[in-house]
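A.B. asks: predicted model and sequence follow; I will ask about them next.
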Amino acid sequence: MTVSHSIIRRALKSGNPVIHGDRAIFIWEGDSAPHLTSDFNNWDNRPRRFKRVSPRLMPDSAQPIWSCTLTVPRDAYVEYAFHDPVSQENFPDPLNRKTTPNGFGGRNNYFYMPETMPSPFHLRRADVTPGRLTGHRVDTKWLREGYEREIYFYRPRVKGPVPLLVVYDGQDYLHRGKLAVIADNLIAEGRIQPLAMAFLPSGGRWRDVEYACSDGTLLWLDQTVLPLAQEKLNLVDVKKQPGAYGVLGASLGGTMAMYTGLRMPDVFGKVLSQSGAFNIESRDFVVVDLVRHGQARGLDIWMDIGRLDILLEDNRWMRTLLQEQGYRIIYREFSAGHNYTAWRNDAWRGLEAMFPK
């Protein structure tokens with residue numbers, strides 16, 4: 001697309017990107033231009049290059065003008081950053097004040113295309129009484145001997161026993177995913193049945209070990225977390241209602257959520273996997289073998305994945321396998337990448353599907 005004088009002026013005045021139909025146009029001023037890296041190239045080593053704009057378009061400009069254009073689905077949420085080809089470092093777009101944590105200590109810029117918007121359920125409402133959130137220090141036996149970890153319990157403002165949802169990467173779902181606020185709003189509107197939640201933080205640099213289909217994590221969950229949750233929360237009795245609990249995770253946490261349901265279906269009959277990973281470097285995770293053998297076919301499974309996500313084809317393949325093996329699965333794709341904003345915006349749909357009123 002040819003960049004016009006008005007588009008350049010609009011970007012310099014109101015910020016990047018300028019949306020024109022299904023195009024997102026980025027402008028840069030300087031003697032040389034950075035590259036653009038984003039959900040569209042899976043943040044790899046092939047970022048998009050800027051092209052210099054003809055000086056005739058901006059004859060009064062003190063510096064050269066550059067542009068870069070992406071063709072974007074009109075219902076997409078996109079995260080991006082600028083990439084310095086010399087230092088090989090990413091940095092924020094100075095013409096876009098909208099930023100979000102990238103999960104690695106930095107921040108990405110973001111934008112929404114005109115046919116989508118953030119989920120309204122993640123915003124705290126004055127007319128909704130929030131559930132009670134409490135922190136608890138627990139031993140990490142089966143994960144790391146001699147250590148403790150803080151977990152959080154969410155208790156809805158209702159009377160009577162409720163099912164439990166265990167959330168892997170709980171610190172991210174609580175703070176970046178706004179899951180407690182989402183649950184408050186959905187419960188208040190009667191869109192889901194009231195539920196309690198256990199937010200389990202990952203082990204940081206040990207996260208991959210803990211979430212790569214780890215029986216150690218299951219033992220910690222079964223012998224430490226669940227007894228404490230049953231003591232502190234008013235939960236339904238899974239011995240009388242087998243499979244009443246759910247488990248949620250994203251990325252490798254989504255893999256662990258699937259593994260938890262397959263290995264403990266008597267407790268966790270509802271699995272919510274957002275952008276789960278099921279194959280790494282041509283090696284299948286053990287969840288694939290469990291599904292092939294028809295383990296725990298009575299599960300209810302929710303899977304969602306962004307069409308800009310690097311794990312899209314992996315999830316499509318897993319969906320097909322689950323369907324072929326006779327599992328009950330609801331599968332959804334949306335126009336976004338691999339990030340907590342995308343998962344936050346879609347999580348309410350999974351909660352509605354797995355915990356209907």
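C.D. replies: Good, I have the coordinates. Residues are numbered from 1 along each chain as shown.

A.B. asks: ok, what's across the strand from the nearest residue in space to K98 that is not next to it in sequence?
C.D. replies: Spatially, and ignoring its direct neighbours in sequence, K98 is nearest to Y110 (5.5 Å; CB to CB, 6 or more residues apart in numbering). For every residue, glycine as well, the C-beta is placed using N, CA and C. Beta-bridge partners for Y110, by DSSP bridges, are E79.

A.B. asks: Y110 - how many residues pack around it?
C.D. replies: As a burial measure, the neighbour count of Y110 was computed by other CB atoms under 10 Å and equals 22.

A.B. asks: just P120 next, same as before
C.D. replies: Summarising burial for P120: neighbours were counted as other CB under 10 Å, giving 11.

A.B. asks: how close does the residue nearest to K98 get to P194?
C.D. replies: Y110 is 32 Å from P194, where distance means CB to CB, to the nearest Å.

A.B. asks: swap in E150?
C.D. replies: Shown here: E150 relative to P194, a distance of 24 Å by CB to CB.

A.B. asks: which one's more surrounded, these two?
C.D. replies: Set E150 next to P194 and count neighbours by other CB under 10 Å: P194 wins out with 22 against 13.

A.B. asks: and the gap between the more buried one and L123?
C.D. replies: Noted for P194: a distance of 20 Å to L123, by CB to CB.

A.B. asks: which stretches of the stretch 51-200 of the chain form helices?
C.D. replies: Under the criterion DSSP state H, counting those that start in this stretch, the stretch 51-200 of the chain contains helices at 170-175, 179-188.

A.B. asks: what do you get for the stretch 251-357 of the chain?
C.D. replies: Going by DSSP H, counting those that start in this stretch, the stretch 251-357 of the chain shows helices at 252-263, 286-292, 312-324, 340-354.

A.B. asks: wait, which of the ones you listed is closest to L12?
C.D. replies: Evaluated with CB to CB, the helices of the stretch 251-357 of the chain place helix 340-354 nearest to L12, the distance being 26.5 Å.

A.B. asks: how many degrees apart are that closest one and helix 252-263 in direction?
C.D. replies: Inter-element angle recorded for helix 340-354 and helix 252-263: 20 degrees (by axes from the mean of the first three to the mean of the last three CA atoms, to 10 degrees).

A.B. asks: could you dump stretch 198-217 to CSV, C-alpha only?
C.D. replies: Coordinates of the C-alpha atoms in stretch 198-217 are reproduced here as CSV (Å, rounded to 0.1, in the frame of the first residue of the first chain):
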residue,chain,number,x,y,z
ALA,A,198,-6.7,-22.0,43.5
PHE,A,199,-4.0,-19.9,41.8
LEU,A,200,-0.8,-21.8,41.8
PRO,A,201,2.3,-19.9,40.9
SER,A,202,4.9,-21.6,38.6
GLY,A,203,8.4,-22.4,39.8
GLY,A,204,10.0,-19.6,37.8
ARG,A,205,13.1,-21.1,36.1
TRP,A,206,11.8,-24.6,37.1
ARG,A,207,8.5,-24.0,35.3
ASP,A,208,9.3,-26.2,32.3
VAL,A,209,10.2,-29.1,34.6
GLU,A,210,7.0,-28.7,36.7
TYR,A,211,4.7,-28.3,33.7
ALA,A,212,6.1,-30.8,31.2
CYS,A,213,3.6,-33.5,32.3
SER,A,214,5.1,-33.8,35.8
ASP,A,215,3.8,-36.4,38.3
GLY,A,216,5.7,-34.4,40.9
THR,A,217,3.3,-31.5,40.3
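
A.B. asks: mean confidence score for that stretch?
C.D. replies: Predicted confidence along stretch 198-217 averages 95 (mean pLDDT).

A.B. asks: neighbouring contacts of it?
C.D. replies: Contacts to stretch 198-217, defined as CB atoms under 8 Å, 6 or more residues apart in numbering, come from residues 140, 142-144, 149-154, 164-171, 173-174, 179, 221, 225, 229, 249, 252-253, 255-256, 259, 263, 285-287.
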